[in-house]
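1. Sequence plus the predicted model coming up.
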Amino acid sequence: MPKQRQTCTRCSQRRQKCDRRTPCTRCVQNAEGHLCTTKWLDGYNPSVHRRYPRKTSPMTSWRSTASSETSSSGRQAVDQQALSAGPEPIDVVRTPSANPPAEASRWSTSLPDVTINSLLTSKDQPQVNPLLEYTFTYVKTKGGLKDLAGVSSTAACSYSPTARVAEIQHLHSLLPPKERVLAITDYYEQYMLYWVGALYHAPTFRKTLLEAYGTSQELSLTTLDWRFSALFFSILAAAMSGSPESSSMAWGFTIDDKVRLARAWGNACVSCLNLGNYTSRYHIWSVQAIYIMHAYEHLIGSTNQWLALRAVAVVIAKGLGLHKIATHPDDDRVHELNGVQMQAFKDREMGRRVWRTVALQEWYVTKLSFSWIIKHQSKLGIALNRIG
């Protein structure tokens, strides 16, 4: 005769541990103390009472949900038969569809064609985004659409078309009025340009700036080269951060505006460099912008950024061959040069001055942090004497 079970019927059916009291603690906690008993009404059957409850399969639950949502009685009857019969086996290998066009249209995808022929065909096609053309009306009034829709396929731009348009609009919002721009640039030319090595030709810069303004009182940055715009913002940032408070107050800026605008214009300079792809399209404007901006911007907390941009500026300067500029016969007869020869002389002189500044800054950083980029310190003096 089998041993009488001491586990109550409720805990035994739940497959839970029972403390074998009458009533047990678990039944009391579940408010089922009146149902706690060790006697089975129809007798204890291990094949029934010791079997774990089966979990409902996902297919069965899905079908039961579908049957509850269907109002047709015939559909409910079919689902009930399917439930009683159990889930149908799923075939791993499907037979081909009898209607391939309909099946293809049902599962159509919008992914682009990435075959070799399609890539070669679309490589030279101009990319135009009509959404940007009709949405950003403010930016359209500032310049040509060819500069907003995207960049050349050979240029590596870090901005998407949408981000590029938004960034251009933000840069235009940072521009002060024309009279303040001219006042700031004139102040930098008269009082600050000399102390950074006269890195740019001030009359040429002012002429280009006035031509960009024209008869309008607003400056359109999209009509300028982005690397020249970086030079423009670097001058504004350096003049604002390096000028005394009396000068900035005379321009109409408070002390809070002085710090805020200096940082904003410094960030605008970096944005213009990125828009102009300065790392792949070398130009002396990029080197001038980096060294002019960070001659004073380190006062407002951007020393780490200066170290990174300094390394790029050295690579650009050497890529332009500024360290190889030698003396020229026209350098001794400046007053006898024509227009073309005079422009060539200005370009050579600007290259010498920029490389002199690069070499001097490299020497300062080498002495302070021992992280030089121009190798062989012994050649630094030779380079300075050659371009001096």
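-> Done, it's in. Quick caveat: nothing in here was measured; it's all calculated off a predicted structure.
2. longest single helix anywhere in the protein?
-> helix 339-369 (DSSP state H).
3. taking the mean pLDDT, what do you get for that one?
-> Helix 339-369 shows a mean pLDDT of 83.
4. go on, stretch 20-33?
-> pLDDT averaged over stretch 20-33 gives 81.
5. Could you do stretch 319-334 as well?
-> On average, stretch 319-334 scores 87.
6. Only the buried residues of that stretch, if you could.
-> In terms of neighbour count (16 or more other CB atoms under 10 Å), stretch 319-334 has its buried residues at 320, 322, 323, 325. Bear in mind the C-beta positions are built from the backbone N, C-alpha and C, glycine included.
7. nearest spatial neighbour of the first one, skipping sequence neighbours?
-> Once flanking residues are discounted, residue 320 sits nearest to residue 282: 5.4 Å by CB to CB, 6 or more residues apart in numbering.
8. Could you check how far that neighbour is from residue 25?
-> 83 Å (CB to CB, to the nearest Å).
9. one step back: export the buried residues of stretch 319-334 as a markdown table, with columns for distance to residue 168 and secondary structure.
-> Below are these laid out as a markdown table (distance: CB to CB, whole Å; DSSP: H, G, I helix; E, B strand; the rest coil):
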| residue | distance to residue 168 | secondary structure |
| --- | --- | --- |
| 320 | 27 | coil |
| 322 | 30 | helix |
| 323 | 34 | helix |
| 325 | 35 | coil |
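10. who has more neighbours, residue 282 and residue 25?
-> residue 282 (18 against 14; other CB atoms under 10 Å).
11. Run through the residues that contact that one.
-> Residue 282 sits next to 316, 319, 320 when contact means CB atoms under 8 Å, 6 or more residues apart in numbering.
12. which intervals of the stretch 101-250 of the chain have sub-threshold pLDDT?
-> 101-157 (pLDDT under 70).
13. Considering the contacts of residue 282, which is situated nearest to residue 275?
-> When the contacts of residue 282 are compared for distance to residue 275 (CB to CB), residue 316 wins out at 16.0 Å.
14. in terms of contact, does the closest one touch residue 286 like I think?
-> Yes - between residue 316 and residue 286 there is a contact under CB atoms under 8 Å: 5.6 Å.
15. Need the residues touching each of these two.
-> Going by CB under 8 Å, 6+ apart, residues that sit against residue 316 and also against residue 286 are residue 278.
16. When the two are compared, which one has more neighbours?
-> Using other CB under 10 Å as the criterion, residue 316 and residue 286 rank with residue 286 on top: 28 against 22.
17. for the more buried one, helix, strand, or coil?
-> helix (DSSP: H, G, I helix; E, B strand; the rest coil).
18. And for it, nearest residue in space, chain neighbours not counted?
-> Residue 286's closest residue in space is residue 278 (CB to CB, 6+ apart), at 4.1 Å.
19. With distance to residue 258 added, can I get the buried residues of stretch 319-334 in a markdown table?
-> Output for the buried residues of stretch 319-334, formatted as a markdown table (distance: CB to CB, whole Å):
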| residue | distance to residue 258 |
| --- | --- |
| 320 | 34 |
| 322 | 33 |
| 323 | 37 |
| 325 | 37 |
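20. mind listing what residue 19 touches?
-> 25, 26.
21. what do you get for residue 6?
-> 18, 20, 38.
22. Dump these into TSV; add secondary structure as well.
-> Below are the contacts of residue 6 laid out as TSV (three-state DSSP):
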residue	secondary structure
18	coil
20	coil
38	coil
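23. so which of those residues comes closest to residue 194?
-> Distances from residue 194 to the contacts of residue 6, taken by CB to CB, are shortest for residue 18, at 95.1 Å.
24. How many residues are close by the nearest residue to the closest one once chain neighbours are set aside?
-> Of all residues not flanking residue 18 in the chain, residue 11 sits nearest, at 3.7 Å (CB to CB, 6+ apart). Neighbour count of residue 11, defined by other CB under 10 Å: 19.
25. Ok, the one 4 residues further on next?
-> Residue 15 sits with 11 neighbouring residues when counted by other CB under 10 Å.
26. Please report how far it lies from residue 30.
-> 15 Å.
27. circling back to that earlier point, backbone phi and psi for the residue nearest to residue 18, please?
-> phi -70, psi -30 (degrees, to the nearest 10).
28. same check, this time on the one 5 residues further on
-> Dihedral angles of residue 16 (phi, psi; degrees, to the nearest 10) stand at phi -120, psi 160.
29. can you tell me which residues contact it?
-> residue 26.
30. Tell me the buried residues within the contacts of residue 6.
-> 18, 38.
31. Tell me the one among the contacts of residue 6 nearest to residue 224.
-> residue 18 (85.7 Å).
32. Going by distance to residue 343, which of the contacts of residue 282 wins?
-> residue 320 (16.6 Å).
33. that older thread, can you add distance to residue 170 and give the contacts of residue 6 back as JSON lines?
-> JSON lines is the format used below for the contacts of residue 6 (distance: CB to CB, whole Å):
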{"residue": "18", "distance to residue 170": "71"}
{"residue": "20", "distance to residue 170": "76"}
{"residue": "38", "distance to residue 170": "79"}
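34. returning to that earlier point: and the residue nearest to residue 18, what does it touch?
-> Residue 11 touches 17, 18, 24, 26, 27, counting by CB under 8 Å, 6+ apart.
35. and what of residue 237?
-> Here residue 237 is in contact with 261, 262, 263, 265, 266, 268, 269, 293, 296, 297 (criterion: CB under 8 Å, 6+ apart).
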